[in-house]
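Peer 1: Based on what follows, work out the 3D shape:
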Amino acid sequence: MSGGWGWIGCVGLGVLGWSLCVQAQNNPATAAAPSCSGRFPPVTCVAGGRTLNGDATGPTTIMAPGAAAAGSEPHAPAQPSAKPETTAETQTGAAPEDAEPLPLNKDELFGIGKPGDATAKKPPAVSFRGFLENETAYTYASPAHWSRAVTYAQLGASGQLSDNLKWKVTVRGNVDPIYIWSNFYNDAVKKDEQSGILFEETYIDASVSDWDFRIGRQNIIWGEVVGLFVADVVSAQNQLEFILPAFDIIRIPQWAARGEYFFGDSHLELIWIPYPTYNNIGKPGADFYPVQPGSTPSGFTQSFLGEVIPERNVSNTNYGVRLSTLKSGWDMSGFYYSSVDAAPTFDRTLLSTPTPTLQYQPVHNRIWQVGGTVGKAFGSVVFHAEGVYTSGRQYEVTTLTQPNGVVPQNTLEYVLSADFTLPKDLFLNVQFIQNVFFNHDPNLLYNAYDTYASVLLRG
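Peer 2: Have a look, this model is predicted:
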């Protein structure tokens, strides 16, 4: 009897071992999460020793690794890496001809859909996203008053017409009851700020050969440091609340055509803006209007003329080029941008009768700018620097005899920034900013060297 049970046990163990072998061959281990390398599309991803195809998303502004655009989270620059070999290439030196098709996405990778399977899960034809946000403020300085209770509502839709053609439409509206019910502000300010609606990013993406194109209303972000717009020279700005709102509310997109070309670890970007958008500065009497009542010399009153918006013609269009690359861990970029200045200059006229008056009028002058950015990680510390030289911009002077009350000044604005990752998930950012005025006019409202510093600590 014991011998019979022994034979049965041996046979059972043999059957069990054979079953486990078959199961291991038919059901390989679950693939690990893919790891990706490469700074520009197409990004190379590897999972389970197999190279995956990148997920092209059309033209996008390429952020410098380790350098966040203004208002975004900073991160360390990625190190360039060679394209990994597949498992077959590692073993034989070349991919076998009868190898099965590579998975095109994570669903195929993890068995949700097979390559070429018509029943595989597909992304929705149209996706929606948006937000609802409120900002409320009370001014306690005399005279104390409620100054803000604005609610923003944004809704966007995006979809894909084909592999090479995508679209996006975004609309945002706002309403502020303070400017509807309060009598603190003048009628022009109340009418301007009580409500509004505008198109945010609304564009079409198309890929043609090695080029990616985006046509429509879009944010073009060239700056990289935290919280500043030093090299972020393309987007217009909503300045009704100074620096209080989120950056996606401060930025105003431009109607633009943009082409991007990627080669190796480099990226070429060409832009043309036929219909420029300018900074929203509000109306005289608003809390953050650029010219405030206290800036008028004693014995004079103020008056304002309407903002002069340049004519819509070819000579008043904006254009620029930007080249960026990654070399030995250094992420570098350089750009040239010619534009009608999004920020206004306030021309000033002296009126002597019937009452001495300084009359201001916001105008937009043509300027050109050349600049660059650089970033690199040194262990847990990430260094950023960017600078912009501007020619053609005019600035107000104190002397009343100066025609128009402004003088042209060429300037260099730069920032040096360092990000530190501290224990307990603390983040520290330290920045040094300086604006240098060349051939400084002694009557200028600014010093020859305007210097600032900032410290940000976030947990």
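
Peer 1: what about the helices in the protein?
Peer 2: Using DSSP state H, the helices found in the chain span residues 2-26, 87-92, 106-109, 178-181, 187-193, 247-250.

Peer 1: how many neighbours does Trp272 have?
Peer 2: 13 (other C-beta atoms under 10 Å). All C-beta atoms are positioned from the backbone trio N, CA, C, and that covers glycine.

Peer 1: er, Asn164 I mean
Peer 2: Neighbour number of Asn164 under other C-beta under 10 Å is 15.

Peer 1: again with Lys327
Peer 2: 10.

Peer 1: Need the pLDDT of it.
Peer 2: We note a pLDDT of 94 for Lys327 in this prediction.

Peer 1: So it sits against Asp265, correct?
Peer 2: Yes: shown here, Lys327 and Asp265 form a contact pair, counting by C-beta atoms under 8 Å, at 7.4 Å.

Peer 1: Any stretches of this structure with poor pLDDT?
Peer 2: 1-123, 243-244, 293-295 (pLDDT under 70).

Peer 1: ok, Leu240 - contacts?
Peer 2: Applying C-beta atoms under 8 Å, 6 or more residues apart in numbering, one finds that Leu240 lies in contact with Glu193, Asn280, Ile281, Gly282, Ala286, Phe288.

Peer 1: Now tell me what touches stretch 386-399 from outside.
Peer 2: So stretch 386-399 is contacted by 223-225, 230-231, 233, 341, 343, 345-346, 348, 365-374, 405-415, 437, 441, 443-446 (C-beta under 8 Å, 6+ apart).

Peer 1: how distant is it from the center of its chain?
Peer 2: On the basis of C-alpha atoms, centre = their mean, to the nearest Å, stretch 386-399 sits 24 Å off its chain's mean C-alpha point.

Peer 1: how long is that stretch end to end?
Peer 2: 33 Å (C-alpha to C-alpha, to the nearest Å).

Peer 1: can you pull the contacts of the nearest residue to Val150 once chain neighbours are set aside?
Peer 2: Leaving aside its sequence neighbours, Val150 sits nearest to Asp176 (C-beta to C-beta, 6 or more residues apart in numbering; 4.1 Å). For Asp176, the contact set (C-beta under 8 Å, 6+ apart) comprises Arg148, Ala149, Val150, Thr151, Glu193, Gln194, Ser195.

Peer 1: cool, Val169 as well?
Peer 2: Taking C-beta under 8 Å, 6+ apart, we find Val169 in contact with Gly156, Ala157, Ser158, Phe199, Thr202.

Peer 1: quick check, nearest of those to Asp419?
Peer 2: For those, the residue nearest Asp419 by C-beta to C-beta is Gly156; the value is 30.1 Å.

Peer 1: Tell me how far Arg348 lies from Val363.
Peer 2: 11 Å (C-beta to C-beta, to the nearest Å).
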